[in-house]
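> Quick one, structure for this:
(chains A and B)
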Amino acid sequence: MSASWPLWEVFVRGKRGLNHVHVGSLHAPDAEMAVRNARDVYTRRNEGVSVWVVPAEAITASSPDEKDPFFAPSGDKVYRHPTFYAISEDVPHL
Amino acid sequence: MNVYDGLTAGDSGDAHWAFGTGFTEPLAGIDRDVPSGVDRADLTAYALMLGDDALVASQLLAAWTSRAPELEEDVALANIALDLLGQARLLLTRAGEVEGRGRDEDALAHLRAEHEFRNVHLAEIDCGPSRMGPSAPGRDFAATTARLLVFSSWKLALFARLRDSADPVLAAVAAKAVKELTYHRDHAARWTVRLGDGTDESHRRMRAGIERVWPFVDELFTAHPVETRLAAAGVAVDPAELRSEVDGVLDEVFAAAGLERPAPVPVATVAGRAGRDGVHTEAMGFLLAEMQHLHRSLPGAVW
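I've put the predicted structure just below:
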């Protein structure tokens, strides 16, 4: 049976989380059951208040071969970081 | 007032944990005194009935771990089994403290004999997985689904009313259990529809599963004298009151699944006695042997 069940990627938003975070993947025959399986497999320890599932095949990923041209150029651009500003203490999650 | 306050509202100083904080103690602050005018022996027996239902159902569901059709379903059934085990622990603890003979949840679960268990037969019958060899209709995942559908539909109707019990502990356990049972029923109902409305083979097995459990349905709605007395005292729920609601739920699921409700089967009793009286089916002895042997062989063993 598993051979015919597609793979789904699971994203969970925690109680304090501001965004959904990728937590893993699972198999399910359709989206409805994928959400339920995600609840059972990935929110057993009080982790979440919201779950997203996405068909794994719908994800387009960057290629490991392109790692250097993609990401290395940002390694030495210190001026892109907002470290030259004073940050208000009242603003969380920056 | 800072506009960002809402983002951190509810933080309890454990913000360094990304997930999994804020666990609650389900019975915190609940008055554990026995309400005046309530018979202690009856309340003990009633807590045992409900606790044994949950304990035995949990034990059999746990047998599916590593045997379910999919890994995800393994985890789902284990979650449900653990929910039921949690209910059993609270109820057996209540039975022990009201009884007042110093028996805790472990003593009640592991050191009672078969005739002292008060669970309904539906909880104890063998619905698979088979111990050896391939699964057979009536002893497979579909039969387990059928049992879970009937059991959780009945239990949910019962516990929804029990939230108003005059016993504050039973009321608190019921309030916690209702949320869990709602998910159990939903899980079983979805699988019933998938299997019933699936292939010829899945339909055949789902029908066989329902026929497997149907002879044990009438017992669920038959009141034991303890239940009748405690219902009059506002502590218990008279199970006869639940029939039409549960039938309505099951009919709705069966209709969506393309299945028919089987004809009623009279309760199989021994001289009018069944699970609530401590009279059990042949499956119970095997179940208890497996469940109790560790504690009886190594008393007080812990992880």
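> Poorly predicted segments of the stretch 201-303 of chain B, please.
Scanning the stretch 201-303 of chain B for pLDDT under 70 picks out nothing.
> what distance separates the lowest-mean-pLDDT helix or strand in chain A from the centre of its chain?
Least confident helix or strand, chain A: helix A:67-71 with a mean of 88, by mean pLDDT, DSSP states H and E. Distance of helix A:67-71 from its chain centroid, counting by Cα atoms, centre = their mean, to the nearest Å, is 20 Å.
> Then stretch B:146-163?
Remark: stretch B:146-163 is offset 8 Å from the chain centroid, using Cα atoms, centre = their mean.
> Just the C-alpha atoms of that stretch, please, in PDB.
C-alpha atoms of stretch B:146-163 as PDB (Å, rounded to 0.1, in the frame of the first residue of the first chain):
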ATOM      1  CA  ALA B 146     -15.600  -0.900  13.600                       C
ATOM      2  CA  ARG B 147     -15.000  -1.500  17.300                       C
ATOM      3  CA  LEU B 148     -13.400   1.900  17.700                       C
ATOM      4  CA  LEU B 149     -16.400   3.600  15.900                       C
ATOM      5  CA  VAL B 150     -19.000   2.000  18.100                       C
ATOM      6  CA  PHE B 151     -17.000   2.300  21.300                       C
ATOM      7  CA  SER B 152     -16.000   5.900  20.900                       C
ATOM      8  CA  SER B 153     -19.500   7.000  19.700                       C
ATOM      9  CA  TRP B 154     -21.000   5.400  22.800                       C
ATOM     10  CA  LYS B 155     -18.300   6.600  25.100                       C
ATOM     11  CA  LEU B 156     -18.600  10.200  23.700                       C
ATOM     12  CA  ALA B 157     -22.300  10.300  24.300                       C
ATOM     13  CA  LEU B 158     -21.800   9.000  27.800                       C
ATOM     14  CA  PHE B 159     -19.000  11.300  28.800                       C
ATOM     15  CA  ALA B 160     -20.700  14.300  27.300                       C
ATOM     16  CA  ARG B 161     -23.500  13.800  29.900                       C
ATOM     17  CA  LEU B 162     -21.000  12.800  32.600                       C
ATOM     18  CA  ARG B 163     -19.500  16.300  32.500                       C
END
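> picking up where we left off before, could you list the buried residues of the least confident helix or strand of chain A?
Residues of helix A:67-71 classed as buried: none (neighbour count, 16 or more other Cβ atoms under 10 Å in any protein chain shown). No exception for glycine: its C-beta is placed from N, CA and C like everyone else's.
> Can you list the neighbours in contact with it?
Residues outside helix A:67-71 that contact it (Cβ atoms under 8 Å, 6 or more residues apart in numbering or on different chains) are residue A:62.
> Kindly report the same for stretch B:269-289.
B:49, B:56, B:59-60, B:113-121, B:123-126, B:219, B:222, B:224, B:226-227, B:267-268.
> Okay, and which of the residues you listed map to helices?
Cross-referencing the contacts of stretch B:269-289 against helices under DSSP state H gives B:49, B:56, B:59, B:60, B:121, B:123, B:124, B:226, B:227.
> my read: the fourth one touches residue B:128, true?
No - under the contact definition of Cβ atoms under 8 Å, residue B:60 does not touch residue B:128, with a separation of 9.0 Å.
> coming back round to it: can you flag the buried ones in the contacts of stretch B:269-289?
Buried among those by 16+ other Cβ under 10 Å: B:49, B:56, B:59-60, B:117-121, B:123-126, B:219, B:222, B:224, B:226-227, B:267.
> Give the intersection of the neighbour lists for residue B:60 and residue B:128.
Jointly contacting residue B:60 and residue B:128 under the rule Cβ under 8 Å, 6+ apart are residue B:144.
> buried stuff in stretch B:103-116?
B:103, B:105, B:108, B:109, B:112.
> contacting residues around the first one?
Neighbouring residues of residue B:103 by Cβ under 8 Å, 6+ apart: B:96, B:111.
> Tell me the residues of chain A that contact chain B?
Contact residues, chain A versus chain B (Cβ under 8 Å from any Cβ of the partner chain): A:1-2, A:5, A:12, A:14-18, A:26-28, A:32-33, A:36-37, A:40-41, A:44-48, A:90-93.
> of these, buried ones?
Buried subset of those (neighbour count, 16+ other Cβ under 10 Å): A:5, A:12, A:14-17, A:26-28, A:33, A:36-37, A:40-41, A:47-48.
> Just list the residues touching residue B:223, thanks.
When contacts are counted by Cβ under 8 Å, 6+ apart, residue B:223 touches B:231, B:238, B:239, B:240.
> Quick check on these: which are buried?
For those, buried by 16+ other Cβ under 10 Å: B:231, B:239.
> Of the contacts of residue B:223, which is the nearest to chain A?
residue B:239 (29.5 Å; Cβ to the nearest Cβ).
> Residue B:188 versus that closest one, what's the distance?
Here the criterion is Cβ to Cβ, to the nearest Å. By it, residue B:239 lies 19 Å from residue B:188.
> Ok, residue A:88 next?
Separation of residue A:88 from residue B:188 (Cβ to Cβ): 52 Å.
> In helices only, show me the buried ones among the residues of chain A next to chain B.
Mapping those onto helices (DSSP H) picks out A:33, A:36, A:37, A:40, A:41.
> for the residue most central in space within chain A, which residues make a bridge with it?
By Cα atoms, centre = their mean, the mean C-alpha position of chain A lies nearest to residue A:22, the distance being 2.8 Å. In this entry, residue A:22 is beta-bridged to residue A:11, by DSSP bridges.
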